[in-house]
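A.B. asks: sharing a model that was predicted from the sequence below.
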Amino acid sequence: MSQTCLSCLPDRQGRINLESQMSNFKSSLMSRIQELFKKKSSRVLNIYCTAGFPQLNSTIRVMQALQKNGADIIELGIPYSDPLADGPVIQESGAIALHNGMSIKVLFEQLKGMRDLHGDYSAKVTVPVILMGYLNPVLQYGFEKFCSDAAAVGVDGLILPDLPIREFETEYGQTLRKYNLDFIFLVTPETSAERIRKIDSLSTGFIYAVSSSSTTGKDKDFPDVERYLQKLREMELKNPVLVGFGIKDKATFQSACKYADGAIIGSAYIKALKENPEEESTSKKFLEAILK
Amino acid sequence: MINRTIALAKYKGTFEQPDIFGYYGTFGGAYIPEMLHPNVEELKNNYLKIMYEEGFQKAFRDLLKDYVGRPSPLYYAARLSEKHGAKIFLKREDLNHTGAHKINNTIGQILLAQKLGKHRIIAETGAGQHGVATATVCALMNMQCVVYMGEKDIERQAPNVARMKMLGATVIPATSGSKTLKDATNEAIRDWINNPTDTHYIIGSVVGPHPYPDMVARFQSIISEEIRWQLKVHTGSEVPTHLVACVGGGSNAAGTFYHYLEDFTVQLVAVEAAGCGVQSGRSAATTQLGKPGVLHGSKSLVMQTEDGQVVEPHSISAGLDYPGIGPLHAHLFESGRGTFLSATDAEALESAFELTRLEGIIPALESAHALAGLNQLKLTAKDTVVVCLSGRGDKDMSTYMAAMEKT
Ligand SMILES: Cc1ncc(COP(=O)(O)O)c(C=O)c1O
């Protein structure tokens, strides 16, 4: 597919994205995330990994291994002392990463050059990269500086689960737009249709459908979730929907993909990395089991 | 005093309740993941309506009177007054059922939870006083009760753990992070995320996402409502020169200050836990060591590293061992409306023994910090001071005994 005029192509609902056509050249180029969903509108696999886990310097190696073995998007978690929305597995990986010395500053240092054409091409990270973190460390770093540095190293989007919609609208959204960062909101089975519409209008990139009201790593009855995903699908949202929380293997991934554009796997991959910290063999085995 | 009134004029009306988004000045709000939105929204849309229904008020007031034993006495502490050279009154929250002010809030919230049709209650606790107060009202109302408590606090507050269990609560140790109140709060929030429909979270202080800080302050405001008329009986005036309270999250202080917040002639004195000393690296004095940040669902002052990681605080008193402070207090601090002091572990211990010997009252370690704050005020014979004695010292006997052995 030609890269030059993607925004002139109708989107999945057959609409032409006039807004991005009218804006300046840079933002008329779709973000890496939007491009991905143009090319691949089903079975998109987003893998979560914690920056600085298992080792401080394994971040890039883990990302490369994920990309090489078939991950479509990498969601990189910024470790935090009080990760409210995370279950025990991701909490523990974050605690280890913090102990290893990970911080936002160190992370940007590590990510610098990941998109660099002059670097080793085989090692270059080309898939979309999303940072997932909590608001407090980002505020301390400086919200604008964070966005600016993230964009500069080639990050495509952010997930900050404790950034409220109202503060996004009044304060932070404009900074994200200034740096062309996608912002991914969460929805849950309890989110009202009206609120889902609102979230869809504010989100860019995709929408993160929490597969049940739960912290990460919880098992849930999948059939329960299907009705909710069906409902989301029927709403014909402007953003693609990825299912997060509770996806751990081929079966759960496939069920998610029946109703959504893809899914996000976090705890299960972290668990595998914990058992075998050798990132290439772990990622190969893990992703093959899901994708083959 | 006049200067204070003039300087604060521009803040008039910003203390008694937050704006509709939950902000006191620049602090507050509801910084919660989407999973908590329905719960918090339900509470936000209903709490004022429910709280001020006639039936609710009657049930709340009746329980406070007949079950908690309110009004709690306002006691003129003659010998303590003599020592400080000012009239000192103790607001005896230690005489409440379960031994602290915490029950004012749990009575209110359990009635609210019933109105919202919830069947299961969760809570976090530090000293165990809030856990006991929650387990108590759950027994009373026949509701399932789960209390999260830091592993370290479970060890140092054993009698309260036993009380909670006897009352039928399940006590779940929080084993992450510093294993204290902050981590217990994280676990309680995670529980709420995982149980979005049947569970009400009874937060134990004026912290958390809007509307919790306002709701808890209103339930605790009974303290200052009583102080006003009781002080009038004692002295002929409703208005003291100083109100003194310890601050962990800030609920007993919010209750003590509440009906005087807009009365700028009254000096509001909040005493934080300095631990081993504010600059020792082992402290919980949030206003001195904290920076604006987001913790447990609201923007406030938070003790944190340069990287924005929340630090592990220290205080001898489990109830003050918290790296944050309610948004109302952050606003009182930032605006200059409140005077923020701190007392070390050693100063608090000394004041606990002093009160015991002068007045025959063994205070909770938390409350002992408020008493220690008196030593830092330049009091004169014209001053009338009300100290909130937020709780009794039974739970702290092992700490007190260890201190006695040392001397
Ligand atoms: C007796 C007593 N006082 C004070 C506190 C501190 O809480 P707050 O600052 O919310 O009043 C506690 C907390 O456990 C307590 O038990």
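C.D. replies: Here it is on my side, so go on.

A.B. asks: got a pLDDT number for A:Ser2?
C.D. replies: We have a pLDDT of 35 for A:Ser2.

A.B. asks: and A:Thr175, how many residues sit next to it?
C.D. replies: By other C-beta atoms under 10 Å in any protein chain shown, the residues close to A:Thr175 number 15. The C-beta positions use only the backbone N, C-alpha and C, and glycine is treated the same way.

A.B. asks: grab the most central residue of chain B for me.
C.D. replies: The centre of chain B sits closest to B:Ser251, judged by C-alpha atoms, centre = their mean, with a distance of 2.7 Å.

A.B. asks: chain A contacts on the stretch 251-400 of chain B?
C.D. replies: B:291-297, B:302, B:304, B:306-311 (C-beta under 8 Å from any C-beta of the partner chain).

A.B. asks: please identify which of those residues is nearest to the ligand.
C.D. replies: B:His296 (12.7 Å; C-beta to the nearest ligand atom).

A.B. asks: burial of A:Ala71, as a residue count?
C.D. replies: Quick note: A:Ala71 (other C-beta under 10 Å) scores 26 neighbours.

A.B. asks: my error: substitute B:Thr170 in the last question.
C.D. replies: 13.

A.B. asks: pLDDT score assigned to it?
C.D. replies: B:Thr170 carries a pLDDT value of 98.

A.B. asks: so who does it touch?
C.D. replies: Neighbour list for B:Thr170: B:145-147 [criterion: C-beta atoms under 8 Å, 6 or more residues apart in numbering or on different chains].

A.B. asks: so in terms of bridging, what pairs with it?
C.D. replies: B:Val146 (DSSP bridges).

A.B. asks: which of the residues of the stretch 251-400 of chain B next to chain A are buried?
C.D. replies: B:292-297, B:302, B:304, B:307-311 (16 or more other C-beta atoms under 10 Å in any protein chain shown).

A.B. asks: out of these, flag the one nearest to B:Met166.
C.D. replies: For those, the minimum distance to B:Met166 (C-beta to C-beta) is 28.7 Å, reached by B:His296.

A.B. asks: does the closest one really touch B:Thr185, like I thought?
C.D. replies: Yes - counting by C-beta atoms under 8 Å, B:His296 does reach B:Thr185; the two are 5.3 Å apart.

A.B. asks: select from the contacts of B:Thr170 the one having the most neighbours.
C.D. replies: Going by other C-beta under 10 Å, B:Val147 tops the contacts of B:Thr170 with 29 neighbours.

A.B. asks: for the chain, which strand is longest?
C.D. replies: I'll assume chain A. strand A:44-50 (DSSP state E).

A.B. asks: ah, no, chain B please
C.D. replies: As assigned by DSSP E, the longest strand anywhere in chain B is strand B:267-275.

A.B. asks: packing partners of it?
C.D. replies: strand B:242-246, helix B:251-257, helix B:286-289, helix B:327-335, strand B:338-344, helix B:345-359, helix B:365-374 (3 or more C-beta pairs under 8 Å, 6 or more residues apart in numbering or on different chains; DSSP states H and E).

A.B. asks: so which of these is the most packed in?
C.D. replies: helix B:251-257 (a mean of 32; mean count of other C-beta atoms under 10 Å in any protein chain shown).

A.B. asks: dump that helix to CSV, restricted to CA.
C.D. replies: Output of helix B:251-257 as CSV, limited to C-alpha atoms (Å, rounded to 0.1, in the frame of the first residue of the first chain):
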residue,chain,number,x,y,z
SER,B,251,-9.7,12.9,58.8
ASN,B,252,-9.7,13.7,62.5
ALA,B,253,-8.1,17.1,61.6
ALA,B,254,-10.7,17.7,58.9
GLY,B,255,-13.5,16.9,61.4
THR,B,256,-11.9,19.1,64.0
PHE,B,257,-11.4,22.1,61.6
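
A.B. asks: who in chain B is up against the ligand?
C.D. replies: B:100, B:126-127, B:129-130, B:205, B:246-253, B:319-320, B:364, B:366-367, B:390-391 (C-beta under 6 Å from any ligand atom).

A.B. asks: circling back: show me what contacts the residue nearest to the residue nearest to the centre of chain B when sequence neighbours are not counted?
C.D. replies: Nearest residue to B:Ser251 in three dimensions, chain neighbours excluded: B:Ser205, at 4.3 Å (C-beta to C-beta, 6 or more residues apart in numbering or on different chains). The contact partners of B:Ser205, taken as C-beta under 8 Å, 6+ apart, are B:130, B:216, B:248-251, B:322, B:326.

A.B. asks: report the separation between B:Ser205 and B:Asn39.
C.D. replies: Look at B:Ser205 and B:Asn39: by C-beta to C-beta, to the nearest Å, they are 18 Å apart.

A.B. asks: could you do B:Glu93 as well?
C.D. replies: Remark: distance between B:Glu93 and B:Asn39 (C-beta to C-beta) = 29 Å.

A.B. asks: chain B contacts on chain A?
C.D. replies: For chain A, the contact set with chain B under C-beta under 8 Å from any C-beta comprises A:80-82, A:84-85, A:87, A:91, A:95, A:98, A:103-105, A:134-141, A:161-164, A:166-167, A:185-188, A:190-191, A:195, A:199, A:210, A:213-215, A:218.

A.B. asks: and those residues, which are buried?
C.D. replies: A:80-82, A:84-85, A:87, A:91, A:95, A:98, A:103-104, A:134-141, A:161-164, A:167, A:185-188, A:190-191, A:195, A:199, A:210, A:213-215, A:218.

A.B. asks: re earlier: any chance of JSON lines for the helices and strands packed on strand B:267-275, columns mean pLDDT?
C.D. replies: Formatted as JSON lines, those follow (pLDDT from 0 to 100):
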{"stretch": "strand B:242-246", "mean pLDDT": "98"}
{"stretch": "helix B:251-257", "mean pLDDT": "98"}
{"stretch": "helix B:286-289", "mean pLDDT": "98"}
{"stretch": "helix B:327-335", "mean pLDDT": "98"}
{"stretch": "strand B:338-344", "mean pLDDT": "98"}
{"stretch": "helix B:345-359", "mean pLDDT": "98"}
{"stretch": "helix B:365-374", "mean pLDDT": "98"}
